[in-house]
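one predicted model, sequence on top.
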Amino acid sequence: MISPRIRRLALDYETLIRRFDGWPVIRLVAQQGQPPEHYRFALSVKGLAVAPGGDIVERGEHLVEVNLSLGYPRRAPQCRILTPLFHPNFDHTTVCIGDFWAASEGLDDLIIRIGRMIAYQEYNVKSPLNGLAARWAAEHAHLLPVDSREIAPPLREAAPPPPPIALAPSIGEMTPRPASEPGPRETVAGDPWRGKIVIP
């Protein structure tokens, strides 16, 4: 029997593939596991980084790693940024999402939220991982967000429902064919694939 966690992992993967297919802002670049438990996403979102000289500069491409622990989805995914980022809610080991995580949240929605955080569309200066970035953001709120584009892919119109399928009769509804009646297909010269179709 498939465990609820495995079902959830499979559903997350299917949703990620469907939702981000062809969307240039968020791309799934690697996954590991069957179904996947480890992911890497490339986010083409403007964020901030600290240059070697100490200047704060824009950075347009970010790599995020997501690990779904054995406690997932009850426990929040472990997320970390793999590229330089100057943000109150990121450090080199983690992304601060714990205060907002709920088991009902989809992994796709979490990745979109991380993208919004990178763009400074969402940030929290009250309990930061990076105090310097929190102070900078509080003093420069007029410059934010860094990227105001929509991070989530546009909603796709739902495909029309398929036409109803005529169900075959159940075993109790089948009427036995008399032995003298021909079968559903008459054959010609012993070849079962030639001859006319007879609909009883």
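Structure received. Residues are numbered from 1 along each chain as shown.

pLDDT (mean, whole number) over stretch 137-155?
When the per-residue pLDDT values of stretch 137-155 are averaged, the result is 96.

would you mind putting the CA coordinates of the top helix by length along the chain into PDB?
When every helix of the chain is counted residue by residue (DSSP state H), the longest turns out to be helix 4-20. Backbone C-alpha positions of helix 4-20 (Å, rounded to 0.1, in the frame of the first residue of the first chain) are rendered in PDB as follows:
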ATOM      1  CA  PRO A   4       0.200   9.100   2.300                       C
ATOM      2  CA  ARG A   5       3.700  10.700   2.100                       C
ATOM      3  CA  ILE A   6       4.600   9.000  -1.100                       C
ATOM      4  CA  ARG A   7       1.200  10.000  -2.600                       C
ATOM      5  CA  ARG A   8       1.900  13.600  -1.600                       C
ATOM      6  CA  LEU A   9       5.400  13.500  -3.100                       C
ATOM      7  CA  ALA A  10       4.000  12.200  -6.400                       C
ATOM      8  CA  LEU A  11       1.300  14.800  -6.400                       C
ATOM      9  CA  ASP A  12       3.800  17.600  -5.700                       C
ATOM     10  CA  TYR A  13       6.000  16.500  -8.600                       C
ATOM     11  CA  GLU A  14       3.100  16.200 -11.100                       C
ATOM     12  CA  THR A  15       1.800  19.700 -10.000                       C
ATOM     13  CA  LEU A  16       5.300  21.200 -10.400                       C
ATOM     14  CA  ILE A  17       5.700  19.900 -13.900                       C
ATOM     15  CA  ARG A  18       2.300  21.000 -15.000                       C
ATOM     16  CA  ARG A  19       2.400  24.400 -13.400                       C
ATOM     17  CA  PHE A  20       5.900  25.500 -14.400                       C
END
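
pull the distance from it to the chain's centre.
Computed by Cα atoms, centre = their mean, to the nearest Å, the chain-centroid distance of helix 4-20 equals 7 Å.

ditto for stretch 65-76
14 Å.

kindly report the same for stretch 80-91.
Using Cα atoms, centre = their mean, the distance from the centre of stretch 80-91 to the centre of the chain it belongs to is 21 Å.

cool, and stretch 68-82?
Stretch 68-82 has its C-alpha centroid displaced from the chain centroid by 14 Å (Cα atoms, centre = their mean).

neighbouring contacts of that stretch?
5, 8-9, 12, 36-38, 40, 62-67, 90, 92-95, 97-98, 101, 103, 107, 110, 114, 118 (Cβ atoms under 8 Å, 6 or more residues apart in numbering). All C-beta atoms are positioned from the backbone trio N, CA, C, and that covers glycine.

okay, how far is it across that stretch, tip to tip?
From its first residue to its last, stretch 68-82 covers 17 Å (Cα to Cα, to the nearest Å).

avg pLDDT for that stretch?
For stretch 68-82, the per-residue pLDDT values average out at 93.

buried residues in it?
Burial within stretch 68-82, assessed by neighbour count using 16 or more other Cβ atoms under 10 Å, is assigned to 68, 72-73, 76-79, 81.

which pair in these spans the largest distance?
By the measure Cβ to Cβ, Pro73 and Ile81 form the most distant pair in the buried residues of stretch 68-82, at 21.6 Å.
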